[in-house]
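K.L.:
structure for the following, please:
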Amino acid sequence: MKKLYLRTFGCQMNEYDSARIADLLADAEGLALTARPEEADIILFNTCSVREKAQERVFHDLGRVRLLKKDKPELIIGVGGCVASQEGEAIVKRAPYVDVVFGPQTLHRLPELIAAKRASGRAQVDIRFPEIEKFDHLPPPRVEGVSAFVSIMEGCGKYCTYCVVPYTRGEEFSRPFEDVLVEVADLADQGVQEITLLGQNVNAYRGKRDGKRGDAAETADLAELLEYLADVPGIERLRYTTSHPCEMSARLIEAYGKVPKLVSQLHLPVQSGSDRILAAMKRGYTALEYKSIVRRLRAVRPQLSLTSDFIVGFPGETEADFEATLKLVRDVKFDGAFNFIYSSRPGTPAAELDEQVPRAVQQQRFEALQTLLDAQYRAYSETMVGSTQRVLVTGPAVKDPQELQARTDNNRVVNFAGDATLIGRYIDVTITAALPHSLRGERAAV
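P.N.:
Numbers count the residues shown, from 1 in each chain. Just a heads-up that it's a prediction; the model follows:
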C-alpha cells in the first residue's frame, strides 16, 4: 500500500484540513498515513504563517526530506496551507524539489495537481481562493474517536493590522447551513459525540439556507446553527473556536442559556487591555466593551470558563499599555490563555509601524503576563478539586497508557484509573488533584 506522510503546523483549522487531505488522497490514490517520512510516496506539509518561527520550520523540514528524493525520484513533496498562500511560486524557487504548492482553498485539487506534475514533470502551484468549491469536492469525512472538528467558514474580513490570515485564506465566507447539518449528522452516525465548529471568526457565521420556509431568514447565524446541531441524535457536546468579540451577538450570548449542550467554555481573544493598542491593531472594540461582553456571558452562564489570546510587545506598546493588559487579566480572571510575543509578518500594516518594541522588553513583558496567566489557571484548577465533573473519555492517558484520559466541559484534561471499555463514553469523575497542566480524578460512584 502506498503511504502518505502529512505534517501539520498551526491552528485547528489546519488540523481539520489535514484530515480532509488524508481522506481525499485515500480515495484518489489509495494512500495510508504513515508517521515515517522515509516510508512515504507522498510527503505534504500543511503550513502556518502566523508566526515567523513556524514559517522557517517548514523550510527546515523541507530540507530534511529533500535527501529522500535522491533515493526515491518518484517521491512527491508538497506544501499547503498559509505559507503556500503567502509564498506561492517563491517556495519552488527556494526549494526546487517541491512538486506541488496548494492553498487552504485549493486542497481539493491535490489529485489533479499531483497528476499534472507526474505528466509534465513541472511543479504545480495553485493558491487561488475559489470560496465554497473546496467543500463541494471533498469526500465525506471519516473519523476515529468520539470528537471531531467541522469547518463552517473560511477566511477573514477583519484585517487586523498584525495578521496575515486575510491574505493567506482569503475573504470571509460561510458554508451553507444545510451542508454543515449533513456533515455533523454523518459524523454522529460514525459515533462522534462532541463537535468543535471551526472558523477564523467562527461567530461571524452566516450560512445560506436553501430550504428556508415562510419568514425564515435567508441566512442562519451561529446561534441558530448551534440550536439545530443540539438536536442531532448522538451529539452530546458542542464547542466552537475561534471567536471575535465584535461578533459576540446578543443571540449568541442568549444561546448559553438556551442550549445546554453548548459547553461552558469559550475562547474569546482580546489581544491587549490597552484601548490605544487595540485601535492600532484594528480590533474594533475597547477593553471596557470586551469586559461588558464577558459580564453578559457570565450573567447567562455563571460557570463559564473563559480563555483568550494575548500579543505583547506590539509596535508602540508602552509600559502603561502593558499595565492595562495586566489589569484586564486581573479583572476578567481568565481560565487560561495563549500568550505571544508580537511577530512582524511581511505584508501586514503593523510591519510598517514605527516604534518597534525591543526584543528584551517584549520578553520581559511576556514572562510577566505568563506568570499572571499561569497563576489564574492554577487557581481555577484548584477550585475544581473535590467537584464531580461530567467528562468524555477520549482514550489512554498520554504518560501512562494503563490509565485513561478524559476532557471536562471546560476542556481540562483529566487522567484517572479505569477500564478501556469506558473510552467513548460520558462518565462522572471526582477531581482529586490539580496538576500544572492537567487534573487527577477517580470515577465517581455509579
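K.L.:
who's in contact with P349?
P.N.:
Residues near P349 by Cβ atoms under 8 Å, 6 or more residues apart in numbering: T161, K282. Every residue, glycine included, has its C-beta placed from N, CA and C.
K.L.:
run the last query once more with 10 Å
P.N.:
By Cβ atoms under 10 Å, 6 or more residues apart in numbering, the residues touching P349 are Y159, C160, T161, Y162, C163, A280, M281, K282.
K.L.:
kindly state the pLDDT recorded for it?
P.N.:
Listed pLDDT for P349 reads 94.
K.L.:
on that earlier part again, keep only those of the contacts of P349 that are in helices.
P.N.:
If you go by DSSP state H, those have A280, M281 in helices.
K.L.:
buried ones only from the contacts of P349, please, as a ChimeraX command.
P.N.:
Here is the ChimeraX selection string for the buried members of these, based on 16 or more other Cβ atoms under 10 Å:
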select :160,161,162,163,280,281
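K.L.:
export the contacts of P349 to TSV and append columns for pLDDT and distance to M153.
P.N.:
Listed next are the contacts of P349 as TSV, based on pLDDT from 0 to 100; distance: Cβ to Cβ, whole Å:
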residue	pLDDT	distance to M153
Y159	94	16
C160	96	17
T161	96	22
Y162	94	21
C163	92	16
A280	97	27
M281	98	22
K282	97	20
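K.L.:
low-confidence stretches in the stretch 51-200 of the chain?
P.N.:
Within the stretch 51-200 of the chain, the stretches with pLDDT under 70 are 52-54, 131-133.
K.L.:
quick one: the helices in it, in order.
P.N.:
Secondary structure of the stretch 51-200 of the chain, counting by DSSP state H, counting those that start in this stretch: helices at 52-71, 81-87, 89-94, 110-120, 133-136, 165-169, 177-189.
K.L.:
looking at the ones you listed, which is buried most?
P.N.:
Each of the helices of the stretch 51-200 of the chain was scored by mean neighbour count; the highest is helix 81-87, a mean of 26, by mean count of other Cβ atoms under 10 Å.
K.L.:
re the thing from before, distance to P37 added to the contacts of P349, as TSV?
P.N.:
Formatted as TSV, the contacts of P349 follow (distance: Cβ to Cβ, whole Å):
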residue	distance to P37
Y159	37
C160	35
T161	37
Y162	33
C163	31
A280	42
M281	38
K282	40
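K.L.:
out of the helices of the stretch 51-200 of the chain, nearest to T8?
P.N.:
Among the helices of the stretch 51-200 of the chain, the nearest to T8 by Cβ to Cβ is helix 81-87 (8.2 Å).
K.L.:
measure the residue nearest to E178 when sequence neighbours are not counted to N46 for me?
P.N.:
The spatial neighbour of E178 that comes closest, neighbours along the chain excluded (Cβ to Cβ, 6 or more residues apart in numbering), is D210 at 5.5 Å. Separation of D210 from N46 (Cβ to Cβ, to the nearest Å): 31 Å.
K.L.:
for D374, same thing?
P.N.:
Distance from D374 to N46, by Cβ to Cβ: 30 Å.
K.L.:
quick one, strands of the stretch 251-400 of the chain?
P.N.:
265-267, 305-312, 337-341, 388-396 (DSSP state E, counting those that start in this stretch).
K.L.:
nearest to L6, out of the ones you listed?
P.N.:
Going by Cβ to Cβ, the one of the strands of the stretch 251-400 of the chain nearest L6 is strand 388-396, 20.5 Å.
K.L.:
identify the residues contacting the spatially closest residue to L222 that is not a sequence neighbour.
P.N.:
In space, and not counting its chain neighbours, L222 is closest to Y205: 4.3 Å by Cβ to Cβ, 6+ apart. Residues near Y205 by Cβ under 10 Å, 6+ apart: 152-153, 172, 174-175, 177, 180, 197, 199, 219-226, 240, 247, 252.
K.L.:
phi and psi next, for N415.
P.N.:
Note on N415: its backbone torsions stand at phi -110, psi 140 [degrees, to the nearest 10].
K.L.:
picking up where we left off before, who has more neighbours out of D374 and N46?
P.N.:
N46 (26 against 14; other Cβ atoms under 10 Å).
K.L.:
residues touching the more buried one, list them.
P.N.:
6-10, 13-15, 17-18, 21, 58, 78-84, 102, 104, 107.
K.L.:
now swap in G273 and tell me
P.N.:
286-287, 290-291, 310, 321-332, 369.
K.L.:
may I see the ChimeraX selection of the buried members of those residues?
P.N.:
Buried subset of these, written as a ChimeraX selection, criterion 16+ other Cβ under 10 Å:
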select :286,287,290,310,321,322,324,325,328,329,332,369
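K.L.:
correct me if wrong: E355 contacts Y342.
P.N.:
No. E355 lies out of contact with Y342 (Cβ atoms under 10 Å); the separation is 11.6 Å.
K.L.:
what touches both of these two?
P.N.:
Counting by Cβ under 10 Å, 6+ apart, the shared contacts of E355 and Y342 are F314, P315, E317.
K.L.:
the first one and E89, how far apart?
P.N.:
Read it as F314. Taken as Cβ to Cβ, the span from F314 to E89 is 31 Å.
K.L.:
how about the last one?
P.N.:
For E317, the distance to E89 (Cβ to Cβ) stands at 36 Å.
K.L.:
give me the buried stretch members for the host helix or strand of E15, please.
P.N.:
If you go by DSSP states H and E, E15 is part of helix 12-29. The neighbour-count check on helix 12-29 (16+ other Cβ under 10 Å) flags 13-25, 29 as buried.
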